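missing the sequence, but the structure's below:
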DNA sequence: CACGGTTTTCAGTATTTTCTGAAAATAGCC
DNA sequence: GGCTATTTTCAGAAAATACTGAAAACCGTG
């Protein structure tokens, strides 16, 4: 068997794994977790822990923890092959479903706690007896933050969460609404992936 | 002079600094940088390096580097006070301007490089002579990624970047478009902050 | 152009985060 | 239940990241 860079597809996969891993770490996700996801997504295959360990050269523990996290995020699913005791993992292939899961999860983990803090802070601030100009300005700043994050939460919930569909529609709507001036042709829309 | 938690506003400020710092680190921004920004935003004052060092208990070097980064991001501005040699810093107070700056910057730093990689990977992938079903599926996955990130880039550029205004409008549009069903009243919209 | 005040830089250190590897838990099978 | 294959956990190690402090650079002034 030849080198792993024997064909351009494998090379492309590796490059994608690297790029996605970097993106992930810039967004506060562990590089390895993003790489595992990248590998599962780009190959499209059901891989077992050993496949992933081998391809990414990581330990069993790391693979196990990353996979669990990805399953928790809802962008990777566990599967089995008949007659094989091992667990296999597949990435969600529909890119909008994936995007929704990611956005939903980040909302839950980061925006909601922040909003909870902001509400507490607002209560605390309004307890201040005096009503100087400085205090009013402070309160207004808090209000503005609460308002923008509530708006974000609302929008995300509307387009991303419950029923499912909607994000694409919104994207298309905006796309249309602002008028098309893109250079490239409409080759391969992002909404057509198989689920 | 009393304790620093002497009044609820100061307490609220500290809490906000902490919450914003946590949010920042979940999003791949250094905690301190986010805290410095939080402090400048929430106080609304022009503070000098020493003020910030004292309030956040950080070193001069750290303060200097964080401030520079914030200025680079375009969400903090340098100012001066007449008859004072020191530099002072103020946070952008308009929350939409701030949001636009942040989104724009992240697009530039993280989405654009990813897209560049994806384009290279696409070229690489298409070099594969053979056209098996597996290869076609691989190419389609890459196309889907390119499409979704190009859409994101386009939307962000449209609403966030050049002319300036637009994000609020979009938000309001969507807000309207999906029909209002929020429990709370419309107290204090996020768009009214002074610049 | 020398001086005091101010800011920046950066080598070294501290802290945080991530990863490993082996032991413990779990799960299917006979 | 006992046996083996597989997965999970987690204490400690390694790597990455952030922070400090002091020296160097900068900058307006006399």
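Looks like it arrived, so ask away. Owing to the predicted nature of the structure, the values given are computational and were not obtained by experimental measurement.

domain ranges for chain A?
Structurally, chain A divides into domains by automatic domain parsing as follows: A:4-91, A:95-177.

point to the residue nearest the middle of chain A.
Residue closest to the mean C-alpha point of chain A, counted by C-alpha atoms, centre = their mean, is residue A:102 at 2.7 Å.

sorry, back to before: I'd like to know which of the domains of chain A is closest to DNA strand D.
Among the domains of chain A, the nearest to DNA strand D by C-beta to the nearest atom of the strand is domain A:4-91 (3.1 Å). In short, each C-beta sits where N, CA and C put it, glycine included.

among the domains of chain A, where is the model least confident on average?
When these are compared on average pLDDT, domain A:95-177 comes out lowest at a mean of 85.

show me where chain A has its helices.
Taking DSSP state H as the test, the helices found in chain A are A:8-26, A:31-43, A:49-56, A:60-73, A:95-106, A:112-126, A:133-160, A:167-177.

for the ones you listed, which one ends up most surrounded?
Ranked by mean neighbour count, the helices of chain A are led by helix A:31-43 with a mean of 23 (mean count of other C-beta atoms under 10 Å in any protein chain shown).

stretch A:113-123 close to DNA strand C?
No: contact between stretch A:113-123 and DNA strand C is absent, the nearest approach being 14.8 Å (criterion: C-beta under 7 Å from any atom of the strand).

and that stretch, how far from the chain's centre?
Taking the mean of its C-alpha atoms, stretch A:113-123 sits 24 Å from the chain's own mean (C-alpha atoms, centre = their mean, to the nearest Å).

stretch A:35-54 too?
For stretch A:35-54, the distance to the chain centre is 17 Å (C-alpha atoms, centre = their mean).

who in chain A is up against DNA strand D?
Neighbours of DNA strand D within chain A, by C-beta under 7 Å from any atom of the strand: A:25, A:48-50, A:60-61, A:64-65, A:67-68, A:84-87.

need the outlier residue of chain A, farthest from its centre.
Residue farthest from the centre of chain A, counting by C-alpha atoms, centre = their mean, is residue A:130 at 44.2 Å.

how close does it get to DNA strand C?
32 Å (C-beta to the nearest atom of the strand, to the nearest Å).

cool, residue A:54 as well?
Separation of residue A:54 from DNA strand C (C-beta to the nearest atom of the strand): 12 Å.

now that residue: how far from residue B:39?
In this view, residue A:54 and residue B:39 are 48 Å apart by C-beta to C-beta, to the nearest Å.

swap in residue A:86?
Relative to residue B:39, residue A:86 is positioned 52 Å away (C-beta to C-beta).

next: residue A:101.
Distance from residue A:101 to residue B:39, by C-beta to C-beta: 34 Å.

for residue A:108, same thing?
Distance of residue A:108 to residue B:39, given as C-beta to C-beta: 27 Å.

go on, residue A:141?
Distance from residue A:141 to residue B:39, counting by C-beta to C-beta: 12 Å.

how about residue A:98?
In this view, residue A:98 and residue B:39 are 37 Å apart by C-beta to C-beta.

likewise for residue A:12?
Distance from residue A:12 to residue B:39, counting by C-beta to C-beta: 45 Å.

equivalent analysis for residue A:127, please.
Separation of residue A:127 from residue B:39 (C-beta to C-beta): 21 Å.
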